[in-house]
Every structure is written in structure tokens, then in C-alpha cells.
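> Sequence first, predicted coordinates after that:
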Protein chains: 2
Amino acid sequence: MVNTITRRQQEIYDFLVENLDDFSHPPTLDELCMALGLSSKGSLHKQIQALIEAGLVEPMNNLRRGIRLTEHQQQEEDMLPMLGYIAAGRPIEVIEQQESIQVPESLRTSKPCYVLQIKGDSMIDEGIFDGDFIVVEKRSQARNGSIVVALVDNSEATLKRIEQKPGKVTLHPANSDFKPMHYKPDQVDIQGVLVGQMRRYH
Amino acid sequence: MVNTITRRQQEIYDFLVENLDDFSHPPTLDELCMALGLSSKGSLHKQIQALIEAGLVEPMNNLRRGIRLTEHQQQEEDMLPMLGYIAAGRPIEVIEQQESIQVPESLRTSKPCYVLQIKGDSMIDEGIFDGDFIVVEKRSQARNGSIVVALVDNSEATLKRIEQKPGKVTLHPANSDFKPMHYKPDQVDIQGVLVGQMRRYH
DNA sequence: GCCTCCAGTTCTATTCAGGTTCTATATTAG
DNA sequence: CTAATATAGAACCTGAATAGAACTGGAGGC
């Protein structure tokens, strides 16, 4: 059942995923040809057919209602991978089998993001509690003042406000019980920037 | 069972959604034909029939009362109404034109919910900050210990942890600068129970 | 009760546009 | 080279959309 698709077919599929919203209605083969810069709908038809067999596009059994993606594909739109747990002072605890979690668009950025769950109270002064979910944009740099997921000395992960100066990196914990920590730049590996947070009460 | 709709049918439906208000009464087939530039109500009837089967238009079983849409709001499955702002000590500030906001299923309950945005720092010790969005389940009762949206003396709304005893209601603010307040049961009107919270950092 | 009107329904025929099939040619990979 | 993949282009097939006419049945008037 799992039919491999060619590179070109992948390209076309990616195009569909990205641009399907631009069409007011599901596009016809001709319209898609136009959009893709092709001039033969016959060729495109063959590609689409392959995508249908791969289960990525809804089959149109002699019906004329335009090209549509399969239901399965479009509802994963607002899911992000839930990678694991972060507890101050320990490495990120990765979940063996990766889960997904629904994240509203407003809590993420257009860049790749992932979700971690908080263990412990190290960020309590920032209003980030034990059990909260945080949305992190995958990046290796950050602006001063951002809250980052940082891996220190390749061994312990923390969620802290960062302050970078030439030759010196300071991580400010948001719990007044702890003091800011100073490091050399090569000790600190930024793994992402905090962009959202969610908590459930029930 | 889910009947796929044809392109033209989608067009007609879109037209209905957009222009139905322009008619003083639900339009007849003939009127709609006129508006759509068609000259055969027979053809239009067939399209409408398809929309009825798709559940988008109310069936009219041999009655003559014009075309009506079904109250079918299911397309915005994970949207909740954003009603307004809540600031401790003032009534809820209602937004004039109601907006919607996307809320993950995990942050809401199966009961009716709505969203408010926090103004001020009255819940800061609970990790609920100025600007945060809270998800509230619409209820008029709550269990002790829940955080509720309560309207006190019909004039000021607050987000507080509730403790109900016979003849006495205590609201515990989560900011240590303030003291718990005691009321008579008929002074406090519960408007909902906190079930989720979201914050954005970018 | 009967009649008329008219919105809604049913039917058929016709046209048309969107999907399908095919062949030929170009391009790329192995 | 050969094989696999892409593209162009034409021919074709058929469901969808339309027009038009005829039928149905409920509402209202008499």
C-alpha cells in the first residue's frame, strides 16, 4: 500500500500542500498546470494519479471537482512534535515514541517548532509551572533577553533568559531562589527559543 | 456518507453564505436564478438538492419558504469565541465585535467554553500574567479549589480560587499582595471555571 | 368544496469543460 | 547504451451544468 513516489511527485505534492489555500476552489488540472508552469494536463494527470495511489490526494473517480488532498493530511496542519521533558539541570528527557500535540497557530512561528513539557519549578517566576507545555522555535542563535532552551556543557538542559556578551554568556533563571550563571560561549548550546506556553487545569 | 460537493455547488454555496442577508425573505428558486444569472430554476434545483444532501442547506419538503442555510458551524471545530478582557476588580470588558481564537482540544473541555484575555497582574502567583489567554468552561457552579471567573456584586469580575462553605464564599487571590475576600453566596455569581491557559512570547 | 396560483419538483435534451488515454519526444540516472 | 521519468500535445469520453417544458401539491380566495 505504501507506494513510493518520485522526486517530482514530491515536489508537486509539496506545492499542493503549500498553495492549496490560494485557490478559492479545488483546482482543476488545467489550473494546476498553469500554476506549476506546465503546458500539458495529460502529463500532470499522470503525476496526480501517482499521488492518489500513494494516498496523498483524494481520488476523483471520473468526478470533476478539482484536486483535493486526503483528509488525513490536512488535519495534521496544526500539530507539533512533542519531543519530551525538560527539567532544569538535566538533559532533555526524550520520549521514546514521538507524540504530537495540537498547537494553535498563534502560539507558534512560521519556522520549525517543537513542544516540551516542563518538569520542576525552575521557571516559576516566569509563570512557567511544572507540567506546562512550552512551544520552542528551533534555532541555534537568540537575541539577548529571549528565553532559550540551552544545553550547558553538553549535559544539562535549562530554560533560561539569555544574555550574551563578547566572551561571556549569562543565563538568568526565573526563580529567585537561584542565581544567574555565567559561562563561556562554547559551553552553551542554544537549542531553541521560547515562543509559546500552554497549561491545562482539568 | 460525507457527500463531496462539486465546484459549482461550492460556488453557489459561497454565494448563498455571502448574499443571503440581502434578501428580505429566504429567496425562492426563481429569485436565486435571477441573482446568479441563471435562466432555469430546474437546473438550480438540482444544485440546491446536492447542497441539502451535503447538509449545507435546510431541506424544504415540498414547502414553499425559500432557501435557507443550515445552522452548521462545525467547520470551525477548534475555534472558541474570544469574549473580551478580564481585569481583577472590574466587570469583564466585552469586545464589541466578537473574535475567535484557535484553542487546542487538550486545553478545553467537551462543554461550552470561551476565551478571555488577562489584563493586569492579579493572578501572577498562579502563573497567569498580563496578556495571557485563559480558556473558561461556562458553568454556574464550581467545586471548591477550582479557579473561577466570578462576578461579585454584579459589578466586578475576578479570576480567583473559590472556597464555598454554607452561607459563606471565600475568594482567594493568587497574588500575595492581596488578602482572601469573604462574601455571602448571593453576592458571587460564578461565570465559568478555568480549564486552560495560553501565552505567546513573540 | 372547488379553483387558481405559484413555489417547488421532475424530466429530457444539449452543450461544455474537466478528466482520461495515448503517443511522441525530451531528460536524467545507472 | 538502456531504463525510468517528465513533458507536450492531441484525441476522446463522460459527468456536470444548463435550458426549457411539464408536473405536483399546498395556500388562499371564492
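Looks like it arrived, so ask away. Numbering: from 1, shown residues only, chains lettered A, B, ... in the order given.

> Domain-wise, how is chain A divided?
Using automatic domain parsing, the domain parsing of chain A gives A:7-74, A:79-198.

> I'd like the distance from the longest one to the chain centre, please.
Put plainly, it is domain A:79-198. Distance, stretch centre to chain centre, for domain A:79-198: 15 Å (Cα atoms, centre = their mean, to the nearest Å).

> hang on, the earlier thing: and the domains of chain A, which one's lowest on average pLDDT?
Among those, domain A:7-74 carries the lowest mean pLDDT, a mean of 86.

> Quick one: distance of it to the chain centre.
24 Å.

> who in chain A is up against chain B?
Within chain A, the positions near chain B by Cβ under 8 Å from any Cβ of the partner chain are A:24-26, A:28, A:58, A:63-66, A:78, A:101-107, A:109, A:124, A:127-129, A:132, A:137, A:147, A:194-202. All C-beta spots, glycine's among them, are computed from the backbone N, C-alpha and C.

> how about the residue nearest to A:Met79 when sequence neighbours are not counted, what does it touch?
Nearest residue to A:Met79 in three dimensions, chain neighbours excluded: A:Ser100, at 4.2 Å (Cβ to Cβ, 6 or more residues apart in numbering or on different chains). Residues near A:Ser100 by Cβ atoms under 8 Å, 6 or more residues apart in numbering or on different chains: A:Glu76, A:Met79, A:Leu80, A:Pro81, A:Met82.

> which one among those residues gets closest to DNA strand C?
A:Glu76 (24.4 Å; Cβ to the nearest atom of the strand).

> Now do the lengthiest strand in chain A: which elements does it pack against?
The strand that spans the most residues within chain A, counting by DSSP state E, is strand A:188-200. Counting contacts by 3 or more Cβ pairs under 8 Å, 6 or more residues apart in numbering or on different chains; DSSP states H and E, strand A:188-200 packs against strand A:113-119, strand A:133-137, strand A:147-152, strand A:156-165, strand B:188-200.

> Does A:Pro176 touch A:Met123 like I think?
Pro isn't right for residue A:176; it's Ser. No: here A:Ser176 does not reach A:Met123: they are 11.7 Å apart, not a contact under Cβ atoms under 8 Å.

> okay, those two: which has more neighbours?
Set A:Ser176 next to A:Met123 and count neighbours by other Cβ atoms under 10 Å in any protein chain shown: A:Met123 wins out with 26 against 8.

> Check the spacing between the more buried one and B:Ser110 real quick.
31 Å (Cβ to Cβ, to the nearest Å).

> same thing with A:Ile118?
Applying Cβ to Cβ, the value for A:Ile118 to B:Ser110 is 26 Å.

> Settle it for me: which of those two has more neighbours?
Neighbours per residue (other Cβ under 10 Å) separate A:Ile118 from B:Ser110, with A:Ile118 holding more: 22 against 7.

> Next up, the contacts around the more buried one.
If a contact means Cβ under 8 Å, 6+ apart, then A:Ile118 has A:Tyr85, A:Ile86, A:Ala87, A:Ile128, A:Phe129, A:Asp130, A:Gly131, A:Asp132, A:Phe133, A:Ile134, A:Leu159 as its contacts.
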